[in-house]
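Colleague: curious how this folds, go ahead:
(one chain, ligands or ions: 1)
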Amino acid sequence: MSTHGEIKRVTTNTLQWMKQHGEKISMLTAYDFSMARIFDDAGIDVILVGDSASNVMAGHETTLPITLDQMIYHAQSVIRACQRCLVIIDLPFGSYQGNSKEALNSSIRIMKESGAHGIKLEGGEEVCDSIKRITGAGVPVMGHLGLTPQSIYKFGTYAVRAKEEEEAEILLHNANLLEAAGCFSLVLEKIPAKLAAEVSAQVKIPVIGIGAGPHVDGQVLVMHDMLGITKDFSPRFLRRYLNLYEDISDATKRYIKDIKDKDFPNEQEQY
Ligand code: KIV
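Modeller: The predicted structure follows:
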């Protein structure tokens, strides 16, 4: 049995059900109304309003500059479009690392001002107090381990994480801590498939991978990568379903040409 097409609204309970029944969870990022409407209508299970908006929407090199106000703006736009999927919003860098009260306040602002269904934050043991406090207030929290882009200046590279045994053990330990702290789900980014499989088998909450192999409970991609809008980003884990960069570029060139040639607008395209 599959939940696809049957359920009215995907909830955190639905994701738990999917894990228990072996139905894979589909997740994509979105940042605006129009794309979120297409993804929701197509049946995506979860939309993540990722802080990758800092890269793909605002053009920053890292996810660090995006603000809580900017995340809330994107979240509001996405929420207006979605009738079926679960919508999760990233807590941006600087909005939760200070202490658990700051983390709770930022989460409450997101929930109140956007109408989202939950938040995601990066980190392991160091964010557990915040997770307890946020979930204690009734807000679902998704964790994020492995390559955590908000720590890019600590890592110094976007290379695969936890290849060595010591880091793998810490990651596994942190996954258990996040589950115990109350996370309803976990994202694992860019880690060996074997380790991701181990995490997914060990924790009861759904594990969603990006560059973490097939033996997890679901997959997420950044929409611009999945649709081929970004063309200079080609990690091994990425499968492109369209080549929109080329398609949009061709359409733009044809539009420019039609204007220059005085072909657009024609007789039928005017009043
Ligand atoms: O911000 C983002 O897009 C993310 C995904 C890569 C999981 O965190």
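
Colleague: and Val187, its phi and psi?
Modeller: For Val187, the backbone dihedrals are phi -100, psi 130 (criterion: degrees, to the nearest 10).

Colleague: right, and it touches Leu145 too?
Modeller: Yes. Here Val187 reaches Leu145: they are 7.4 Å apart, a contact under C-beta atoms under 8 Å. In short, each C-beta sits where N, CA and C put it, glycine included.

Colleague: pLDDT on stretch 63-81, on average?
Modeller: Stretch 63-81 shows an average pLDDT of 98 in the prediction.

Colleague: need the contact partners of that stretch.
Modeller: 30-34, 36-37, 40, 47, 49, 51-55, 57-58, 60, 87, 89-95, 106, 109-110, 113-116, 149-150, 152-153 (C-beta atoms under 8 Å, 6 or more residues apart in numbering).

Colleague: surely Gln219 is within a strand?
Modeller: Yes. Under DSSP: H, G, I helix; E, B strand; the rest coil, Gln219 sits within a strand.

Colleague: and it, what pLDDT?
Modeller: So Gln219 comes in at 99 (pLDDT).

Colleague: so who does Met8 touch?
Modeller: Slight slip there: residue 8 is Lys, not Met. By C-beta under 8 Å, 6+ apart, the contact list for Lys8 reads Arg84.

Colleague: which of the three states applies to it?
Modeller: Applying three-state DSSP: Lys8 is coil.

Colleague: number the chain from 107, please
Modeller: Happy to do that; since the first residue is 107 now, the last one works out to Lys114.

Colleague: now do the contacts for the residue of the chain found nearest the ligand.
Modeller: As assessed by C-beta to the nearest ligand atom, the ligand sits closest to Gly156 within the chain, at 2.4 Å. Contact partners of Gly156, counting by C-beta under 8 Å, 6+ apart, are Thr135, Tyr137, Asp196, Lys226, Val328.

Colleague: ok, 6 Å please
Modeller: Counting by C-beta atoms under 6 Å, 6 or more residues apart in numbering, Gly156 makes contact with Thr135, Asp196.

Colleague: quick one, which of the contacts of stretch 169-187 are buried?
Modeller: Buried residues within these, defined by neighbour count using 16 or more other C-beta atoms under 10 Å: 136-138, 142-143, 146, 153, 155, 157-161, 163, 193, 195-199, 201, 212, 215-216, 220, 222, 255-256, 258.

Colleague: mind listing what Ser292 touches?
Modeller: Quick fix: residue 292 reads Leu, not Ser. Gly249, Val313.
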